[in-house]
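S.K.: For reference, the sequence and a predicted model appear below.
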Amino acid sequence: MTIKKCEEFSKRISEVSAEDKALFGKMNVSQMICHCTDQIRMSFGEIDGLKIQKADINEFREMAKRGETVPTVDGLNQVAGFGTKPKEFDMDKETLIAYLNKFLVTEEKYKFSFHPYFGVIDKNQWDRLMVYHLDHHLGQFGR
């Protein structure tokens with residue numbers, strides 16, 4: 001993730017309001033912020049209990065190309081009550097921005113955790129997932 005891209009996402013996150021309503025999907029805006037933070041926390045191995053899950057990666061790619069929602073990994077579905085629970089909205093946004101910045105400055109050679117669908121992936125692959133994921137969910141709330 002470039003500094004410019006990180007700044008762009010930070011600005012978009014800052015603009016999200018607690019009153020924003022989803023244009024699609026079932027999460028509310030507070031859940032979305034925590035869900036996006038959880039993805040970054042997952043890359044650093046900070047989410048306990050995650051396991052490799054069977055997934056048809058090609059099907060997921062096609063779903064993403066069509067703009068469809070890709071299934072959430074087991075254990076992080078906010079709507080079902082999993083993942084980090086929203087606390088204080090502005091603080092949750094600050095936490096997401098802090099994790100974005102942490103990821104930005106993490107060295108390429110850092111050994112990132114596995115992804116439940118994709119297995120062991122490097123910083124560049126995590127970066128591509130995060131950019132797609134953040135863009136998708138910020139767009140979900142008109143940002």
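M.R.: Done, it's in.

S.K.: which residues touch stretch 89-107?
M.R.: Residues from elsewhere that reach stretch 89-107, judged by Cβ atoms under 8 Å, 6 or more residues apart in numbering: 1, 3, 6, 9-10, 13-14, 16, 18, 29-30, 33-34, 36-37, 40-41, 43-44, 86, 123, 126-127, 130, 134. The way it works is simple: take the backbone N, C-alpha and C, and place the C-beta from them, glycine included.

S.K.: Dump the least confident helix or strand in the chain by mean pLDDT to CSV, keeping only the CA atoms.
M.R.: One helix or strand of the chain scores below all others by mean pLDDT, DSSP states H and E: helix 57-65, with a mean of 84. What follows is helix 57-65, C-alpha atoms only, in CSV (Å, rounded to 0.1, in the frame of the first residue of the first chain):
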residue,chain,number,x,y,z
ILE,A,57,-10.7,-19.3,-5.0
ASN,A,58,-11.6,-19.1,-8.7
GLU,A,59,-15.3,-18.7,-7.8
PHE,A,60,-14.4,-16.0,-5.3
ARG,A,61,-12.5,-14.1,-8.0
GLU,A,62,-15.4,-14.3,-10.3
MET,A,63,-17.8,-13.2,-7.6
ALA,A,64,-15.6,-10.2,-6.9
LYS,A,65,-15.4,-9.3,-10.6
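
S.K.: Just the contacts of stretch 89-107: which are in helices?
M.R.: 3, 6, 9-10, 13-14, 29-30, 33-34, 36-37, 40-41, 43, 123, 126-127, 130, 134 (DSSP state H).

S.K.: could you flag which of these are buried?
M.R.: Among the ones in helices among the contacts of stretch 89-107, those classed as buried by 16 or more other Cβ atoms under 10 Å are 6, 9-10, 13, 29-30, 33-34, 36-37, 40-41, 43, 123, 126-127, 130, 134.

S.K.: Can you tell me the centre-most residue of this protein?
M.R.: Nearest residue to the geometric centre of the chain (Cα atoms, centre = their mean): C36, 3.0 Å.

S.K.: And it, how close does it get to K111?
M.R.: Going from C36 to K111 by Cβ to Cβ, to the nearest Å gives 22 Å.
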